[in-house]
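> need a 3D model of the following:
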Amino acid sequence: MKPKNLALTTFLTILSLTPPLQALDNEVVGQFLTTKKCVRCILNNLQLLTRDMTNAQLLEASLENAILDGVDFRGSNLIGANLRNAKLRGAILRGVNLKDANLNGADLTGADLTDANLTGASMIGATLNNSCLRTNGFIDVNLQDANLTGADLSRNTLYRVKLDGAILTNANLSYTVLRDSSVDSTTNLIQSNLNNTVVRNPNAQQAAIYGPSIKPRGSMGVCPNPSQVQ
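The predicted model follows:
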């Protein structure tokens, strides 16, 4: 067999062995929209805009590349869900359980994550501009290279959170404790609100406390007042 024909045959063989992109199963989608339950199912590329999905059950579901802008997920279970590169701009994620979820590359611009559980979540390269991140589970979260410009992380405890390469320009970190979290020279804190921010690192002899006297100009926060949260 000639080399040219051999190369073509090899390419066609590889192509035939490559699995096609999985299309959405209309039956699965229909069942999810009716019951709000889709445990360990595949909903990649789902387009669902401004819909009521409160108390949805999406344990370990895959919603990669899904468009979920403005969707109300309050009280939902998204433990271990795959939301890589999903669009969740303006989504309501209050009280949502996102423990161990994959949010790498996801766009959560303007999203409300009040009281969400983000324990163990991976949010590498995620966009969280002007989002509300006053959560009740900010433990072992990976925010490396994430964009948190204008985000509100005030009155939190960030425990073992990775912030290497993260952009926190104009973010609100007032009254927040960063405990055993990685903040280095690649972390952008320009114009952040560091009023009474405490950094506790076991490798440091003492905690670094940013007081009102050196408070930079920064965001006052985007989270709603408790009276506004329903």
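> quick check: Leu49 touching Ala66?
No. Judged on CB atoms under 8 Å, Leu49 makes no contact with Ala66 at a distance of 10.6 Å. Every residue, glycine included, has its C-beta placed from N, CA and C.
> the two: which is more packed in?
The residue with more neighbours, out of Leu49 and Ala66, is Ala66; 24 against 10, by other CB atoms under 10 Å.
> I'd guessed that one sits against Gln47; true?
Yes. The criterion here is CB under 8 Å, and Ala66 meets it with Gln47 at 7.3 Å.
> what does the pLDDT read for the closest residue in space to Gly105 that isn't next to it in sequence?
Of all residues not flanking Gly105 in the chain, Asn85 sits nearest, at 4.4 Å (CB to CB, 6 or more residues apart in numbering). Predicted confidence (pLDDT) for Asn85: 98.
> please apply the same query to Asn104.
Per-residue confidence (pLDDT) for Asn104: 98.
> Thr135 too?
For Thr135, the model assigns a pLDDT of 80.
> same deal with Pro224?
Pro224 is assigned a predicted lDDT (pLDDT) of 70.
> doesn't the residue nearest to Gly105 belong to a helix?
No. Counting by DSSP: H, G, I helix; E, B strand; the rest coil, Asn85 is located in no helix; its state is coil.
> what about it, how many residues close to it?
Using other CB under 10 Å, Asn85 has 18 other residues around it.
> and it, how far is that from Asp164?
Distance check for Asn85 against Asp164: by CB to CB, to the nearest Å, it reads 21 Å.
> touching, Leu88 and Ser76? I think so.
No. With contact defined as CB under 8 Å, Leu88 and Ser76 do not form a contacting pair (11.9 Å).
> give me the more crowded residue out of those two.
Neighbours of Leu88 and Ser76, each counted by other CB under 10 Å, are more numerous for Leu88; the result is 28 against 25.
> just the pLDDT for the more buried one.
pLDDT, Leu88: 98.
> who's the nearest residue to Asp112 once chain neighbours are set aside bridged to?
Leaving aside its sequence neighbours, Asp112 sits nearest to Cys132 (CB to CB, 6+ apart; 4.7 Å). Assessed by DSSP bridges, Cys132 has beta-bridge partners Asp112, Asp152.
> was I right about Cys132 contacting Asn172?
No. Cys132 is beyond contact range of Asn172, at 9.7 Å (criterion: CB under 8 Å).
> which residues touch Ile79?
Counting by CB atoms under 8 Å, 6 or more residues apart in numbering, Ile79 makes contact with 59-60, 97-101.
> hmm, try it at 7 Å
Neighbour list for Ile79: 59-60, 97, 99-100 [criterion: CB atoms under 7 Å, 6 or more residues apart in numbering].
> now the residues you listed as JSON lines including neighbour count, pLDDT and secondary structure?
Converted to JSON lines, the contacts of Ile79 look like this (neighbours: other CB atoms under 10 Å; pLDDT from 0 to 100; DSSP: H, G, I helix; E, B strand; the rest coil):
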{"residue": "Leu59", "neighbour count": "16", "pLDDT": "98", "secondary structure": "coil"}
{"residue": "Glu60", "neighbour count": "16", "pLDDT": "98", "secondary structure": "coil"}
{"residue": "Asn97", "neighbour count": "21", "pLDDT": "97", "secondary structure": "strand"}
{"residue": "Lys99", "neighbour count": "19", "pLDDT": "97", "secondary structure": "coil"}
{"residue": "Asp100", "neighbour count": "17", "pLDDT": "98", "secondary structure": "coil"}
